[in-house]
Every structure is written in C-alpha cells, then in structure tokens.
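[1] sequence? don't have it. structure:
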DNA sequence: ATGACTTGGTTACCAAGA
C-alpha cells in the first residue's frame, strides 16, 4: 500500500496537478491539508472518477483537511476530541478514516504566527488535544499513523539554516516538546529519504528562490505506531511535485507499506 | 527595506501562510 501526505495550498487551484500526481504516483491513500475551500466546493466528483473516495473536513477560505482512498474508507472522524478553538472557531484541521486496514489522521497543525502570540498558545493546546485524541490508537495493534503538516521542524537539522530561525516559530523548545510528548503515545517519526540533496525537506517558501536554493524545512511528518512502522518498506519526499508553475509550496511525503493483506 | 510569492475574499487591497 502506498500512503502519502500533501499540503496542497488550495485544492481548487491544485486540482489538475493533484489528479496528475495521483495517476503518476499510484498513491492508495492520501492525506490532504490546506484545502482552502468550503465542504460544498470540494471536488468530490473528479476524484471519484479517478477512483478515490474522500473524507472531508472543511469550512471556507482557510485550513481544511481530507483523506482520499481507493482502498476503502470507513469510520470517519472530524475534529479532535476536546480540540481548542481560535477566535471562537473550532477550525477544520483534523480528519481521520480507516482505509485498507490502516487508521490515519490527516492533520494541519496551527502555524503559531509568532512566539508569544495567542495563536502560538493555540498551537500548543492543539497538540495537547491531538495527543489525547490519538493515544488509544497509537498504543493499539492496528496499523495507525498521524500524517500532515505539523508546522514544527523536529530538529535543527530539519531547517536549511538554524541561525536564520532565531526567535522564530517552528523550531522552539515548546513546539519540539509537544512533538516529543506526541511520540510518547507510541508513535515514531518515519523520516523519508530525499530524492536530491542531503536532507528530506518538505516545504520551501515561494519567495526568494527558496526551492532552487534548497532553503527548505521538514515540517510535513508521518508519525506511525509500531504495527505501522514495522510495515514501512520505503519513504521519500517527492520534490518533483514542487517544481514548475502552479506548484504547492509543500511537496508530498510518500510512504510504502508491506502489509499482510498486500 | 517591517518587503521580496501565492491564495481567497471584504478585491484594484487585505490577512495568512512559515
């Protein structure tokens, strides 16, 4: 089974590239983030025509997540248990489904904006709710993973130049502690291999030629439980999808699983 | 140079992203 996660930065703008990538990559299960559309505007029909069912959690111009699957899709859960709100809104940032015997969460962790900002406290509270929501499945015997845009670089090595992130979000002790505590439920970081250069960055800013200069960050992560990681046969960042006009600023992270059912 | 893209909505600018 091939499973992947991709922050598409608007599924509306990215639809043609998404359909082409699904065909090219032969992905079975895809976790999507930053749909930037209303649930009613989600392109369910063209995806269904391509063979994919979808579990969608979206409500407008920001955020929005989904799970696509061509190997079955059941037991959909929208939102975290006890998930925090921002400015009175419980934003659509998490959706779960069971696909082909694997339970997955597609998550879009709040950005945090600035250290000390109200949004930063929201980010940490969101991580806490995520940890509590997934704890039971993480410790279970069914292959399980949380995939998505975590908006945290796990180590200094996961950004192109840590000196440029002095005082910035995404690299603070508090955010990394939240990741450590999430792993404490029984999850392991499935680190993908890069297809070029030495580090598996997944995001490159649109500005200042960051992608050609490889000024990237590894913030799109796959956290799997023991039955999941035991089945991993390969994992890589598809940086080819970051190339060219009309690319998302994130590249897909692809994981291959050798499950008994395969 | 408190910028430098890209997106969608309140559009000929703004907020948000990271």
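    Nice, I can see it. From a predicted model like this one, the values you see are computed outputs, not experimental measurements.
[2] who's residue A:221 bridged to?
    Applying DSSP bridges to residue A:221 gives these bridge partners: residue A:148.
[3] got the residues of the stretch 1-150 of chain A near DNA strand B?
    Taking CB under 7 Å from any atom of the strand as the contact definition, the stretch 1-150 of chain A meets DNA strand B at A:7, A:9-10, A:12-13, A:34, A:36-38, A:60-62, A:110-111, A:113, A:119, A:149. C-beta coordinates here come from the backbone N, C-alpha and C atoms, glycine included.
[4] ranges for the strands of chain A?
    Along chain A, the stretches classed as strands by DSSP state E are A:2-7, A:29-33, A:53-57, A:65-69, A:74-78, A:94-99, A:102-108, A:144-149, A:188-189, A:203-204, A:216-217, A:220-224, A:232-237, A:253-257.
[5] could you pull out the helices for chain A?
    For chain A, the helices defined by DSSP state H cover A:11-25, A:44-49, A:118-138, A:173-183, A:226-231.
[6] got the contact list for the last one?
    Outside helix A:226-231, the residues that touch it by CB atoms under 8 Å, 6 or more residues apart in numbering are A:102, A:140-145, A:186, A:188, A:190, A:257-259.
[7] Could I get these in TSV, plus columns for pLDDT, neighbour count and distance to residue A:198?
    Compiled in TSV, the contacts of helix A:226-231 are given as follows (pLDDT from 0 to 100; neighbours: other CB atoms under 10 Å; distance: CB to CB, whole Å):
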residue	pLDDT	neighbour count	distance to residue A:198
A:102	98	25	30
A:140	98	15	35
A:141	97	9	36
A:142	97	12	35
A:143	98	26	30
A:144	98	25	30
A:145	98	30	25
A:186	98	19	30
A:188	98	17	22
A:190	98	17	18
A:257	98	26	26
A:258	97	11	27
A:259	90	15	31
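[8] can you name the two of those residues that are farthest apart?
    For the contacts of helix A:226-231, the maximum inter-member distance is 20.4 Å, found between A:186 and A:258 (CB to CB).
[9] Can you pull out the low-pLDDT segments for chain A?
    Low-confidence segments of chain A, defined by pLDDT under 70, span residues A:261-262.
[10] Closest to the centroid, which residue in it?
    Centrality entry for chain A: nearest residue to the mean C-alpha point is residue A:148, 1.1 Å, by CA atoms, centre = their mean.
[11] Do I have it right that that one meets residue A:108?
    Yes: using CB atoms under 8 Å, residue A:148 is in contact with residue A:108, at 5.8 Å.
[12] Much appreciated, bye for now.
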